[in-house]
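In: Below: sequence and its predicted model.
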Amino acid sequence: MLETFPSPLELKGAVQGTLLYLGLYSCILLPFQSFSKVYILAKKKKEAKQKDANNARVSLKTIKYYSHDTMALRGDRTVGNFLEQGLYYLPLFWLHALFVDPTNSFTIASIYTASRAVYPFVFGRKPALVILISTVPCYLVNAYLMVQLLRNVAFA
């Protein structure tokens with residue numbers, strides 16, 4: 001066990017490793033998840049056309065979410081999106097608080113949490129872009145935290 005708290009320079013590798021981990025999640029795993037749904041959609045549409053050219057209707061919603069019940073789908077996506085984004089947010093939040101500036105942590109958490117709370121109210125609504133009311137603030141908070149960690153710790 002360390003007798004003193006490590007300096008930011010001593011923790012630079014940990015910050016870089018965490019950012020590497022988050023980069024894998026955001027640059028490879030999330031795009032793969034989306035690609036897999038698009039791939040399955042194209043495959044299912046092709047199969048449906050071969051079976052019945054007049055009734056070849058397969059939707060991305062059916063492939064991506066497997067549910068026709070709007071309330072169940074909204075609940076699944078609210079929790080799913082929260083977990084997907086939380087994996088990215090929480091390490092950035094704590095690394096920022098520890099190594100950059102803990103004084104604005106509550107403000108950052110409030111903005112992020114409020115935008116997450118809006119998600120179940122905007123998911124599935126028309127126009128579809130209304131979901132951005134919830135998602136864009138989260139992406140901006142995560143981007144802010146990432147840039148601050150890169151500038152002030154990882155590559156300082």
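Out: On my side now, so go ahead.

In: least trustworthy helix or strand in this protein by mean pLDDT?
Out: helix 60-65 (a mean of 70; mean pLDDT, DSSP states H and E).

In: Buried ones in the lengthiest helix in the chain, by neighbour count?
Out: The longest helix of the chain (DSSP state H) is helix 70-99. Within helix 70-99, the residues that count as buried by 16 or more other Cβ atoms under 10 Å are 73-74, 77-78, 81-82, 85, 88-89, 91-93, 95-99. Every residue, glycine included, has its C-beta placed from N, CA and C.

In: Any figure for the gap between the spatially most central residue of the chain and residue 91?
Out: In the chain, the residue lying closest to the centroid (Cα atoms, centre = their mean) is residue 85, at 3.2 Å. Distance from residue 85 to residue 91, counting by Cβ to Cβ, to the nearest Å: 12 Å.

In: ok, now residue 31?
Out: As defined by Cβ to Cβ, residue 31 lies at a distance of 20 Å from residue 91.

In: again, but for residue 103
Out: From residue 103 to residue 91 the distance is 19 Å (Cβ to Cβ).

In: Also residue 128?
Out: Applying Cβ to Cβ, the value for residue 128 to residue 91 is 30 Å.

In: buried ones in the helix or strand following the longest helix of the chain?
Out: Beyond helix 70-99 in the direction of the C-terminus, DSSP states H and E gives the next helix or strand as helix 105-122. The neighbour-count check on helix 105-122 (16+ other Cβ under 10 Å) flags 108, 112, 115, 116, 118, 119, 120, 122 as buried.
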